[in-house]
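Visitor: when you get a sec, could you give me coordinates for this:
(chains A and B)
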2 protein chains.
Amino acid sequence: MKKLLIQTVTMVALLLGSLSCGQADDSDKAQIEAALKGYEQVLNASDVDGVLKLYTEDGVFMSPNNPSAVGIQQVEAAYTGAFQAIDLNVEFDIVEIEVISDDWAFARTNSTGTVTINATGDKFPEGNQELFVMQKIDGDWKIARYAFSTTNPRP
Amino acid sequence: MKKLLIQTVTMVALLLGSLSCGQADDSDKAQIEAALKGYEQVLNASDVDGVLKLYTEDGVFMSPNNPSAVGIQQVEAAYTGAFQAIDLNVEFDIVEIEVISDDWAFARTNSTGTVTINATGDKFPEGNQELFVMQKIDGDWKIARYAFSTTNPRP
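Guide: Numbering: from 1, shown residues only, chains lettered A, B, ... in the order given. Here you go, the predicted structure:
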């Protein structure tokens, strides 16, 4: 009887233990969605500080025509340079959010809108695809790795 | 005594249960490294079938100047088109591999080499940054999501 009891308790405990990881609840998805919408806002506002709050300390920003910006200082330099060169007015369409563990998720988006070249005032249509790896740090979902590229045809 | 025994068994079981997830061993990293090296090989061989074996059924390929190719059929069409247009001779440098759960990982690479435009024979230097989300399917690590862009300066 004692043996059976211990076996049962062990199985239930193991089950609970394995369930406790990799479980995404709706609030995680909602928080990630909010972070991505927040990214859209700070991007359109050319707000470097706002961008940095959304990145992890070891975050990586992979922007076309640039080497990967690795770590928050390089990320800051990359966005500072980008916002000096261009002004964005884009909207993100969230295509998928996959929460793959307690602390990790990834997301795909498509963004459309316009980019203004600050030096000339010229405006061009933007069309991009984005891949985000998100990490939960102290309860907040942040951008850990982020790569994007244009979906516009080659000029 | 019985209560203490059950408590102890429960704690050990919960500990084991929580340890059993998110644990990456070296063999996972080695297998992911092998998959990425395999990708380099099939890319350089313009081998569509070889590429497809490395993707999950729901895999997504995010290639610049194209809409995201979503699912294995769109991935096949995208690589078929790419290999008709260009011939690659590139080498991947694996910058990081992070195993974030039993079944999920991400990796960053940089690739350098040359691209030949098949229509003209012209060759250009390639320099790219790659972000892979990898998923373990039936024991094999595969490409689940993949985005890349050039690191060459804007022409």
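Visitor: only C-alpha atoms for contact and neighbour calcs from this point on.
Guide: Fine.
Visitor: burial measure for residue A:45, as a count.
Guide: 15 (other Cα atoms under 10 Å in any protein chain shown).
Visitor: pLDDT at it, what is it?
Guide: Note on residue A:45: pLDDT of 98.
Visitor: so who does it touch?
Guide: residue A:88 (Cα atoms under 8 Å, 6 or more residues apart in numbering or on different chains).
Visitor: ok, it to chain B distance?
Guide: Distance of residue A:45 to chain B, computed by Cα to the nearest Cα, to the nearest Å: 24 Å.
Visitor: ok, now residue A:26?
Guide: Counting by Cα to the nearest Cα, the gap between residue A:26 and chain B amounts to 20 Å.
Visitor: next one: phi and psi at that residue?
Guide: phi -60, psi -30 (degrees, to the nearest 10).
Visitor: tally up the residues packed near it, please.
Guide: Residue A:26: 10 surrounding residues under other Cα under 10 Å.
Visitor: so for stretch A:119-136, what gets flagged as buried?
Guide: A:126, A:127, A:128, A:129, A:130, A:131, A:132, A:133, A:134, A:135, A:136 (16 or more other Cα atoms under 10 Å in any protein chain shown).
Visitor: that stretch and chain B in contact?
Guide: Yes: under the criterion of Cα under 8 Å from any Cα of the partner chain, chain B is reached by stretch A:119-136 at A:129, A:130, A:131.
Visitor: strands of chain A, start to end?
Guide: A:55-62, A:69-70, A:86-99, A:104-117, A:123-137, A:140-150 (DSSP state E).
Visitor: adding mean pLDDT and distance to residue B:39, write those out as TSV.
Guide: Shown next, in TSV, are these (pLDDT from 0 to 100; distance: least, Cα to Cα, whole Å):
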stretch	mean pLDDT	distance to residue B:39
strand A:55-62	98	20
strand A:69-70	98	24
strand A:86-99	98	24
strand A:104-117	98	21
strand A:123-137	98	19
strand A:140-150	98	19
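Visitor: can you tell me how far residue A:113 is from chain B?
Guide: Distance from residue A:113 to chain B, counting by Cα to the nearest Cα: 16 Å.
Visitor: contacting residues for the closest residue to that residue other than its chain neighbours?
Guide: The shortest distance from residue A:113 to any residue other than its chain neighbours is 4.1 Å, reached at residue A:90 (Cα to Cα, 6 or more residues apart in numbering or on different chains). Residues near residue A:90 by Cα under 8 Å, 6+ apart: A:40, A:44, A:111, A:112, A:113, A:114, A:115, A:126.
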